[in-house]
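>>> Whatever this is, show me its structure:
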Amino acid sequence: MSGILFIISAPSGSGKSTLVAGLRGYVKDLEFSVSYTTRSPRGSEEDGREYHFTTRQEFERMISADGFLEFAEVFGNYYGTARSVLVEAARRGNDILLDIDVQGERQVKQKMPDAVSIFVLPPSRTELESRLRKRSISENVKPEVILRRLDEARREIEKYPNYDYILVNDHLELSLDTLVAIVLGERARRSGQPLAPDQKQYLEAAEKCLKSRMELEIKGILESFNSAPRA
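Presented below is the predicted three-dimensional model:
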């Protein structure tokens, strides 16, 4: 394997978790990095599955030891990616997928500019709000929290120039196919080998989502946020 580092980010409610789960089911030799956090487990979350749950003291010890590839403090809790995940994935000959926010993406890209960054976006503010309100029923989220997440989504989307690929999650199945194509296309492109017909198809599908080809669509998404009241 080529040891490619893939980064995926998205505003809350964009469907990233569902896409990542599907990607992991389709693509072999792709390890998912489980982040560390100081927040408490929620619902059925398990240590080592959704997160490595740890204490603030231990997290800060790891910071002092330069143990994180990236980390951030969000709403009073630390989140971070341990450097060791890259070493372990490389030892097994696998690529690795990081699910991190826009702040973490900047930290990683500065240290590893060859990483492939993918930004998953909702098709519009209206659609994102609908998804967040549906999810709020099961999570018992207050309306003011939804408004805050929408405002945060707008600020995050404005960071799109930092990413290599922009994936608008309008139709889940099509978006999953495209995400798979990006990963397999990058593998093919970096392999240094002549491309098979299916690999060429992956590359063609992936290139449609290059940031340079998505500017008009992103502009429309941003306009849908900027025209709405802010929290």
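>>> Okay, buried residues for the helix or strand bottoming out on mean pLDDT in the chain please.
Lowest by mean pLDDT, DSSP states H and E among the helices and strands of the chain is helix 125-139, with a mean of 86. Judged by neighbour count (16 or more other C-beta atoms under 10 Å), helix 125-139 contains these buried residues: 125, 127, 128, 129, 131, 132, 136. C-beta: built from backbone N, CA, C; applies to glycine.
>>> What is it packed up against?
helix 143-157, helix 215-226 (3 or more C-beta pairs under 8 Å, 6 or more residues apart in numbering; DSSP states H and E).
>>> immediately after the longest helix along the chain, which helix or strand?
When the chain is parsed with DSSP state H, its longest helix is helix 172-191. Sequence-wise, the next helix or strand downstream of helix 172-191 (DSSP states H and E) is helix 197-207.
>>> How many residues are close by residue 30?
For residue 30, the neighbour count with other C-beta atoms under 10 Å is 19.
>>> and it, backbone torsions?
Main-chain dihedrals, residue 30, degrees, to the nearest 10: phi -120, psi 110.
>>> Now do the contacts for it.
Counting by C-beta atoms under 8 Å, 6 or more residues apart in numbering, residue 30 touches 6, 23, 24, 94, 95, 96, 97, 183.
>>> Kindly recompute the last result at 7 Å.
24, 94, 95, 97, 183 (C-beta atoms under 7 Å, 6 or more residues apart in numbering).
>>> Who is the fourth one paired with across the strands?
Listed beta-bridge partners, residue 97: residue 6, residue 32 (assigned using DSSP bridges).
>>> Name the stretch among the helices and strands packed on helix 125-139 that sits most buried.
Ranked by mean neighbour count, the helices and strands packed on helix 125-139 are led by helix 143-157 with a mean of 17 (mean count of other C-beta atoms under 10 Å).
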